[in-house]
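# Sequence unavailable; structure follows:
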């Protein structure tokens with residue numbers, strides 16, 4: 001494992017305890033927004049992995065949702081990541097999965 005990533009392991013484990021959710025989530029989506037904010041200013045594998053998790057999650061919503069909901073339609077990758085950045089700055093203890101869900105709810109308005 002890359003030594004630069006070792007500091008993330010305790011943080012990810014600390015925040016990966018199961019919460020009250022209607023589904024099971026795993027992976028980078030459980031990473032706290034505070035960690036997202038820290039790594040977004042870097043060019044590291046964790047940053048790329050987290051961004052791809054968000055993009056894949058939102059792409060998956062389009063695949064499984066009825067009524068053709070497509071939260072990424074007409075938006076650039078960068079604009080989505082900036083929206084997630086803004087959410088995470090205000091809610092550093094929330095997992096990035098919550099940020100992605102908030103992005104989707106905002107799309108529905």
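Good, I have the coordinates. For clarity, every value in this text was computed on a predicted model and none was experimentally measured. Numbering: from 1, shown residues only.
# and the helix ranked longest in the chain, average pLDDT?
When the chain is parsed with DSSP state H, its longest helix is helix 45-64. Taken as a whole, helix 45-64 has an average pLDDT of 89.
# Which strands and helices lie in contact with that helix?
helix 33-40, helix 77-90, helix 96-108 (3 or more CB pairs under 8 Å, 6 or more residues apart in numbering; DSSP states H and E). In short, each C-beta sits where N, CA and C put it, glycine included.
# Out of those, which is closest to residue 26?
Residue 26 sits nearest to helix 96-108 of all the helices and strands packed on helix 45-64, at 9.9 Å, using CB to CB.
# Where does the prediction get shaky in the chain?
1-23, 65-68 (pLDDT under 70).
# Nearest the geometric middle of it, what residue?
residue 96 (3.4 Å; CA atoms, centre = their mean).
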